[in-house]
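S.K.: this is the structure alone, sequence omitted:
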């Protein structure tokens, strides 16, 4: 059912195929070939590609909200970070007594702050199933409460953009506080195991990449199914003529809320997959700039296509890796220029430009 | 009791009136768009609203459909349904639907999809997510496509239709919703003569089955469909009657032609 | 007749004015001679005669007398053996650095052996202290007198109390009088009989001083065995009542202080938001680079200070127009180069201007380094206005409050009174109509944007006086200033003012209970909830056009 009509959607099919190939070949090459072989991918590359895949998922989640629903959410990074923190909490509990202070239950930073017992919201996170549930529930709940308030009172356009930015900014400030119980400034790090396996080992890294790839593919297929459903058409209609949709008898706020929450859950999953691959989560993930970067991924790739966001996320992040390695000060110039050029010259992004161009030549 | 019992969810029109507006006032920053306006629409009636610009015609429609809250007055749908307690989707679902002055179809969706969205069915989020068209519904869409003469354009994006075709698509979307009250704002603006005639025919054929309120500036069109005409002026009802009566009313002439 | 008498009067006044300096000069010469004489007496006097010599010296009306007496008290007054002159020495590595006792002329350094110390006994020291205190109490400058009173208050004895009591009769300055009464009152409370102590408590009740609070607290405390330190119940009760009344006033001071801090934070917010209120409110353009335009203003201040390091005040005065021009021109460039192509697409404008903000940040980082630059504050802006022990207001924040109101008033006048203001309002209300009336909307857009950006630059100058100047300066304020504009109601300058001040005060009110960060979060959450309730802000623009 998820694969219906893929034949007629060549670009989507090829993006799916490429994703499948990456999530299979990269980890296998890393595990099967010797380090001196030309086909070998280093552990660094594996983690990097895994990271890109989680970013692609994050970008796609924003595309659902922005590209289809017309809500320019400047706080998508907040849901990503929340998912990441939930995963981080699980990984912290996995450390057990191997921390610097050797406390069997309390993570190092709590011992350091002289806390005597685990805060109530840390209980149960040594169980993977609970963490996995919370990865989608926590961002989903926040999105629900926030979206319910915002959409019901018809906050739209730039106002909504700005309060989503304020939301992530407020969360950043909150997570910087030690009293929040999430490690303050330093966040959560020094992870050892995931599901009992060493998080640093090649096999686990390969599995994490594969998991990211599979999650992305599934999320893409499900999102595509959603977009192709009548709900997808209602949402597109909301983007173009919100008032009109209301007069057709649809409760617009509920539709927006559904998409917003769904996207937040996807972003949470992306964050949860991101954290074990980079080994740290800290409050800077909540910074408004991070969320804005997500917007540029989607804008560069082309919004309203799902795969555009994926291509954009990978391209921009590849550029970021290259540029920050080569000359860090260039990166912000590049990012700034990307924002300006894409909005002024390429409103449909690179893929839109690519798709439209041959047509224009024909005419 | 001589009147038949009411089914659940049905609009109570046992007194023959489907829409009651009483003493409705709306003001924007001191400007009175509607001023103690009272208006009653009979069940199955086709009513034309005319009046110069700024008379309050569009504001009146905004009040009925829940877009604008009046400062005072009451608006009832049948005997029992207080429209002022409901928001736009609830009013639409209750059976009052509206065609806008400026055609506002969903340009990126196809003609068929536009009609599909308007289809009267469960419009909840989950129902919509898993919605699949059944045979009757598909048939209904085809039927409306035929009525509005857009069968050949079914899978084209609505954005590339001509102005007149967009007007028809809007009317088609109204039909899909199977409303009890249709509010039709300037249905024939930008239509060719033939299209105007067909619109008149369509509206006349719906009369009796549905209550229709038409706002129109094209007097010839109004004359061709009108039973009763209400003239609005400065937010209040100036006069009401047949087209002939209204046209010969000196006050109406003064309003339209000035002093 | 009248003209004559006027001429006569002015002639007399002129004569007096011309004579004044000569009179002063004559006095000065006389006291200089007396000073010299007294110094040589002191030099030659035996230990027994020194007391008299000191009295003689103290009688001379000359500002340096206090310096010499102070040196004598501290054992730094020497007789330079070679020249036989009195010098004041200051210990340095090679011995002593010397200055002439009479003329303050620098005499280079000398070894200890080249000099003979003018020694004083403990008795003499005591009288020296008193003399110095009295001399300072007679100083013309009220601030010096106040300092002297406070110095005496640190270690009171019977003599100094008598001195203060005598001086109180002569003292004209209210501040000094108050300080003396405080010391006398505290003393009376310590040593007086019951009636005197009760009177002292009644008197001290009105003094906002830490000493009073401490002393009164001492009266009502219990010692380790649970007994009251103060045996007299009546005194204790009065002390408690006095404490209660003082505490009530302290709360008032605390409230005033919170209000002031809130207003000054509000002023910063208003300054940051007011330019945005123009670009966002009047033009509907979201300018995410607004914070960076403020940053440019702050860096302009830094550069003007580097260019003219000797005159801080002037550099600040020059920085204000310079920042206005630089940020304003940058704003016009942004509008003409980018935003012009994006009218009617607010979300795209938001993204493009965000790109500009990154660009500007990195440019500044590349030119000035990523480190914070500190901008010096002129003297008249540093320090605080100490109203009493519990309430002091910092000058820089006070001036920023004033500055903010000035900028606001000026902007209001520009929009109300000038041709540009008229055109701006016309374009804001109905762009097409304005165009039809022949208003060059493109030029008005550019100028409006320039005006808003220029004000951002001016806000940056103000910010440079209270925070560090760095590439991230703008980012800190951007979310806040959007909140202010949105809270106040888009397109309403008064709304921006009210919103800025209320958010500033709300922030400072919450801070004592919640801490700075949590207060900020609470305010943000409040605004998020507020926008849900009133999406158009405190003072919404109403009307038919807005409804559509």
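M.R.: That came through fine. Computed from a predicted model, the values in this text were never measured in an experiment.
S.K.: assign residue C:104 to helix, strand or coil.
M.R.: Of the three states, residue C:104 takes coil under DSSP: H, G, I helix; E, B strand; the rest coil.
S.K.: for chain B, what are the nearby residues on chain A?
M.R.: Residues of chain A found near chain B, taking Cβ under 8 Å from any Cβ of the partner chain as the criterion, are A:226, A:229-231, A:233-234, A:236-237, A:240-241, A:243-252, A:254-255, A:258. C-beta here means a position set from N, CA and C on the backbone, and glycine is covered the same way.
S.K.: any low-confidence regions in chain C?
M.R.: Confidence mapping of chain C against pLDDT under 70 gives the ranges C:1-28, C:154-155, C:208, C:229, C:540-548.
S.K.: show me what counts as buried in the host helix or strand of residue A:209.
M.R.: Using DSSP states H and E, residue A:209 maps to helix A:202-228. Of the residues in helix A:202-228, those scored as buried under the neighbour-count criterion (16 or more other Cβ atoms under 10 Å in any protein chain shown) are A:204-213, A:215-217, A:219-221, A:223-227.
S.K.: just stretch C:42-61 next, same as before
M.R.: Counting neighbours by 16+ other Cβ under 10 Å, the buried set in stretch C:42-61 is C:42, C:43, C:45, C:50, C:51, C:53, C:54, C:56, C:57, C:58, C:60.
S.K.: one more: stretch C:201-214?
M.R.: Neighbour count says stretch C:201-214 has C:201, C:203, C:204, C:205, C:207, C:208, C:209, C:212, C:213 buried, by 16+ other Cβ under 10 Å.
S.K.: what's near enough to touch the last one?
M.R.: When you say that, I think you mean residue C:213. Contacts for residue C:213 were tallied using Cβ atoms under 8 Å, 6 or more residues apart in numbering or on different chains; they are C:243, C:246, C:250.
S.K.: contacts for the helix or strand just after the helix holding residue A:209, please.
M.R.: Under the assignment DSSP H and E, the closest C-terminal helix or strand after helix A:202-228 is helix A:230-240. By Cβ under 8 Å, 6+ apart, the surrounding residues in contact with helix A:230-240 are A:68-70, A:226-227, A:244-245, A:250, A:252, A:255-256, A:258-259, B:106-109, B:113, B:116-117, B:125, B:128-129, B:131.
S.K.: pull out the buried residues from those residues.
M.R.: Burial by neighbour count, judged by 16+ other Cβ under 10 Å, picks out A:68-70, A:226-227, A:244-245, A:250, A:252, A:255-256, A:258-259, B:106-107, B:109, B:113, B:116-117, B:125, B:128-129, B:131 from the contacts of helix A:230-240.
S.K.: and the residue of chain A at minimum distance from chain B, what are its phi and psi?
M.R.: At 3.7 Å from chain B, residue A:249 is the closest residue in chain A, using Cβ to the nearest Cβ. With angles defined as degrees, to the nearest 10, residue A:249 shows backbone torsions of phi 100, psi 10.
S.K.: how many residues are close by it?
M.R.: Counted with other Cβ atoms under 10 Å in any protein chain shown, the burial measure for residue A:249 works out to 23 neighbours.
S.K.: which bits of the stretch 151-259 of chain B sit near chain A?
M.R.: B:173, B:177.
S.K.: go again with 10 Å.
M.R.: By Cβ under 10 Å from any Cβ of the partner chain, the residues of the stretch 151-259 of chain B that approach chain A are B:158, B:159, B:170, B:173, B:174, B:176, B:177, B:179, B:183.
S.K.: ranges for the helices of chain B?
M.R.: Taking DSSP state H as the criterion, chain B contains helices spanning B:57-65, B:88-94, B:111-118, B:125-129, B:135-147, B:163-176, B:193-206, B:219-225, B:243-248, B:250-257.
S.K.: out of those, which gets the lowest mean score?
M.R.: With a mean of 82, helix B:250-257 has the lowest mean pLDDT of the helices of chain B.
S.K.: against which helices or strands is that helix packed?
M.R.: With contacts taken as 3 or more Cβ pairs under 10 Å, 6 or more residues apart in numbering or on different chains; DSSP states H and E, helix B:250-257 sits against strand B:228-233, strand B:236-241, helix B:243-248.
S.K.: would you list every one of the strands in the chain?
M.R.: Defaulting to chain A. Secondary structure of chain A, counting by DSSP state E: strands at A:188-189, A:193-194, A:197-198, A:280-281.
S.K.: not quite, go with chain C.
M.R.: Along chain C, the stretches classed as strands by DSSP E are C:77-80, C:85-92, C:95-100, C:106-110, C:115-117, C:384-388, C:391-394.
S.K.: can you put those in a markdown table and add distance to chain B and mean neighbour count?
M.R.: Shown next, in a markdown table, are the strands of chain C (distance: least, Cβ to the nearest Cβ, whole Å; neighbours: other Cβ atoms under 10 Å in any protein chain shown):
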| stretch | distance to chain B | mean neighbour count |
| --- | --- | --- |
| strand C:77-80 | 83 | 21 |
| strand C:85-92 | 77 | 17 |
| strand C:95-100 | 78 | 18 |
| strand C:106-110 | 78 | 14 |
| strand C:115-117 | 88 | 15 |
| strand C:384-388 | 45 | 12 |
| strand C:391-394 | 42 | 16 |
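S.K.: which residue would be the closest one in the stretch 151-300 of chain C to chain B?
M.R.: Here the stretch 151-300 of chain C gets closest to chain B at one residue, residue C:281, 17.6 Å apart by Cβ to the nearest Cβ.
S.K.: got a list of what that residue touches?
M.R.: Neighbouring residues of residue C:281 by Cβ atoms under 10 Å, 6 or more residues apart in numbering or on different chains: C:273-274, C:428, C:452, C:485-486, C:488-493, C:495-496, C:537, C:541.
S.K.: please redo it, this time with the cut-off set to 6 Å
M.R.: In this structure, residue C:281 makes contact with C:490, C:491, judged by Cβ atoms under 6 Å, 6 or more residues apart in numbering or on different chains.
S.K.: what about it, distance to chain A?
M.R.: Counting by Cβ to the nearest Cβ, to the nearest Å, the gap from residue C:281 to chain A is 12 Å.
S.K.: follow-up on the earlier one: please identify the deepest-packed of the strands of chain A.
M.R.: Scoring the strands of chain A by mean neighbour count under mean count of other Cβ atoms under 10 Å in any protein chain shown gives strand A:280-281 as the most buried, with a mean of 24.
S.K.: who does it touch, helix- and strand-wise?
M.R.: For strand A:280-281, the contact count by 3 or more Cβ pairs under 6 Å, 6 or more residues apart in numbering or on different chains; DSSP states H and E identifies helix A:76-95 as packing neighbours.
S.K.: can you do 8 Å?
M.R.: helix A:76-95, strand A:188-189 (3 or more Cβ pairs under 8 Å, 6 or more residues apart in numbering or on different chains; DSSP states H and E).
S.K.: and the end-to-end length of stretch A:93-105?
M.R.: For stretch A:93-105, the first-to-last residue distance is 7 Å (Cα to Cα, to the nearest Å).
S.K.: residues from the stretch 151-300 of chain A in reach of chain C?
M.R.: Applying Cβ under 8 Å from any Cβ, we find that the stretch 151-300 of chain A lies next to chain C at A:152-155, A:157-159, A:161-163, A:165-167, A:169-170, A:173-174, A:176-177, A:288-289, A:292, A:295-296, A:299.
S.K.: which of these are buried, as a PyMOL select command?
M.R.: Burial among those is assessed by 16+ other Cβ under 10 Å; the matching PyMOL selection reads:
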select buried, chain A and resi 155+158+159+161+162+163+165+166+167+169+170+173+174+176+177+288+292+295+296+299
